[in-house]
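# fold the following, please.
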Amino acid sequence: MKVGIPKEIGVNERRVAVTPDSVRQIKAAGYEVLVESGAGAGIQVADSAFQEAGASVVQGTADLWSRSEIVLKIQPPQQNQSLNLHEANLLAEGSTLICMLRPLGNPDIARMLAQRRVTSFSMDMMPRTTRAQRMDALSSMSTIAGYKAVLMAADSSPRLFPMLVTAAGTIAPSRVLIVGAGVAGLQAIATARRLGAVVEAYDVRPAVKEEVESLGATFVGPPLSKEETQDAQGYAKALSPEAQRKGLEMLRARIKQADVVITTARVPGLPAPKLISDEDVAGMKPGSVIVDLAADMGGNCAATQAGTTVVRHNVTIHGPVRLANTVPIHATQMYSKNITSFLLHITKDGKLNLDWNDDITSGTCVTRDGQIVHPGTRERAEKGAAQQAGSPARSNT
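The predicted model follows:
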């Protein structure tokens with residue numbers, strides 16, 4: 001079977017799905033590997049490096065896609081402006097796609113893949129289990145985002161992070177508040193602590209308290225149960241109105257004291273929860289900094305603008321998108337290991353071996369046999385199709 005690695009075409013996307021080292025692993029598993037010419041340019045890897053690893057370099061984009069039985073990508077399929085074709089329509093019918101599909105936010109793409117009878121797997125839907133850890137691309141990219149968010153905040157803050165004792169007197173350390181103690185939040189805590197800041201971490205999930213404290217930060221959170229705050233896979237879920245009220249009261253008191261606030265709160269498939277109001281921003285110290293890692297999902301801060309930086313009430317608010325692109329070499333290395341591990345997980349004797357009783361295989365599958373099989377995505381796709389047709393959506397239940 002032929003595994004294809006196309007060049008990513010997203011705006012400012014510098015990563016590629018696999019490294020030459022991963023190409024060797026895929027070849028050893030019995031696959032033929034095709035790499036689009038120039039795919040590794042963003043990570044300073046020449047076509048010749050892929051060839052030395054055993055891949056065939058393909059010059060034409062359409063040729064690469066049409067010849068590939070399995071396509072490994074980072075970003076979801078999107079419109080290719082130079083070809084005036086959507087990447088979903090470049091896939092060979094009946095082929096397999098593995099990428100960060102984000103299906104709940106891209107139901108139309110899922111519908112296109114189903115129509116082409118593509119079997120698709122979404123790397124961002126990996127179960128939070130020990131068996132799946134080496135395949136957890138979402139955690140890999142979140143680690144980078146948490147690290148870079150702190151560097152961005154330190155660079156734009158008018159205050160130093162560490163306490164310094166100098167001949168001119170003692171400089172107090174910056175106070176950093178991390179909102180959300182998931183993977184990105186924990187990495188942000190560790191990075192801010194290394195830079196010498198005093199760190200607090202807010203989260204509604206009591207289960208993360210021990211992790212926060214092990215990194216040297218102070219845990220802040222309302223008294224809520226595990227069942228109220230996270231789903232069966234360990235991801236955060238939408239809170240009840242009462243739980244939101246309890247949490248926001250505690251959070252707002254801490255925001256006023258912080259020099260830097262880094263927000264990471266996301267709920268899969270839903271707009272990011274609004275945790276910082278315009279009134280909260282106005283109450284912050286002049287010169288304070290907010291880095292909103294949920295900017296691409298609407299932002300945790302009411303004033304966030306995705307992809308740009310704004311200043312409001314003398315507070316600098318960053319809305320970065322895809323921070324992993326800013327360190328593409330290491331980001332590619334991490335993602336490459338994740339996606340290659342997943343491919344090998346569903347491989348036997350050089351061919352796909354799809355066990356639908358396996359929680360990793362079934363849990364990440366979005367489309368197969370001409371159908372959208374992920375329930376939440378299917379529901380959204382049906383609603384979207386019904387709205388386009390001008391009729392109410394039929395219930396699945």
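# outline the domain layout of the protein.
2-134+327-389, 145-321 (automatic domain parsing).
# which stretch in those domains has the least confidence?
Ranked by mean pLDDT, those bottom out at domain 145-321, with a mean of 91.
# can you put the domains of the chain in JSON lines and add mean neighbour count?
Any C-beta I mention is one placed from the backbone N, CA and C, and that applies to glycine too. Listed next are these as JSON lines, based on neighbours: other Cβ atoms under 10 Å:
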{"stretch": "domain 2-134+327-389", "mean neighbour count": "19"}
{"stretch": "domain 145-321", "mean neighbour count": "19"}
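# can you pull out the strands in the stretch 1-150 of the chain?
Under the criterion DSSP state E, counting those that start in this stretch, the stretch 1-150 of the chain contains strands at 2-5, 32-36, 56-58, 70-72, 79-80, 85-86, 96-99, 119-122.
# sheet partners, orientation included, of the last one?
It refers to strand 119-122. Looking at strand 119-122 with DSSP bridges, its partner strands are strand 96-99 (parallel), strand 365-368 (antiparallel).
# reformat those strands as a markdown table; add distance to residue 12.
As requested, those are exported to a markdown table (distance: least, Cβ to Cβ, whole Å):
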| stretch | distance to residue 12 |
| --- | --- |
| strand 96-99 | 17 |
| strand 365-368 | 25 |
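# closest one to residue 268 among the ones you listed?
Closest to residue 268 of the strands paired with strand 119-122 is strand 365-368 (Cβ to Cβ; 13.1 Å).
# export only the CA atoms of that closest one, formatted as PDB.
Output of strand 365-368 as PDB, limited to C-alpha atoms (Å, rounded to 0.1, in the frame of the first residue of the first chain):
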ATOM      1  CA  CYS A 365     -12.700   7.100  13.400                       C
ATOM      2  CA  VAL A 366     -14.900   9.800  11.800                       C
ATOM      3  CA  THR A 367     -16.100   8.300   8.500                       C
ATOM      4  CA  ARG A 368     -16.200   4.800   7.000                       C
END
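# can you list the strands of the stretch 1-150 of the chain in CSV and add distance to residue 186?
Conversion of the strands of the stretch 1-150 of the chain to CSV gives the following (distance: least, Cβ to Cβ, whole Å):
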stretch, distance to residue 186
strand 2-5, 31
strand 32-36, 34
strand 56-58, 39
strand 70-72, 28
strand 79-80, 36
strand 85-86, 37
strand 96-99, 25
strand 119-122, 23
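# which one of these lies nearest to residue 210?
strand 119-122 (30.1 Å).
# and that closest one, how far from the chain's centre?
Computed by Cα atoms, centre = their mean, to the nearest Å, the separation of strand 119-122 from the middle of its chain amounts to 16 Å.
# contacts for that strand next, please.
95-103, 110, 113, 342, 346, 354, 361, 364-369, 374 (Cβ atoms under 8 Å, 6 or more residues apart in numbering).
# now do stretch 162-171
160, 172-173, 195-197.
# tell me where the stretch 51-200 of the chain has helices.
61-67, 87-90, 107-115, 137-156, 183-194 (DSSP state H, counting those that start in this stretch).
# go on, the stretch 201-350 of the chain?
209-214, 226-229, 241-255, 278-282, 328-345.
# so which residues make contact with the last one?
Same thing as helix 328-345. 3, 14-19, 21-22, 25-26, 29, 42-44, 70, 72, 74, 98, 121, 123, 126, 134-137, 140-141, 143-144, 324-325, 360-361, 364.
# and what of the fourth one?
When contacts are taken as Cβ under 8 Å, 6+ apart, the neighbours of helix 278-282 outside the stretch itself are 252, 255-256, 290, 301-303, 312-313, 315, 317.
# just checking, residue 124 touches residue 101?
Yes: counting by Cβ atoms under 8 Å, a contact exists between residue 124 and residue 101, whose distance comes to 7.0 Å.
# check what pLDDT residue 137 gets.
Looking at residue 137, its pLDDT is 97.
# roughly how far does it sit from residue 275?
26 Å (Cβ to Cβ, to the nearest Å).
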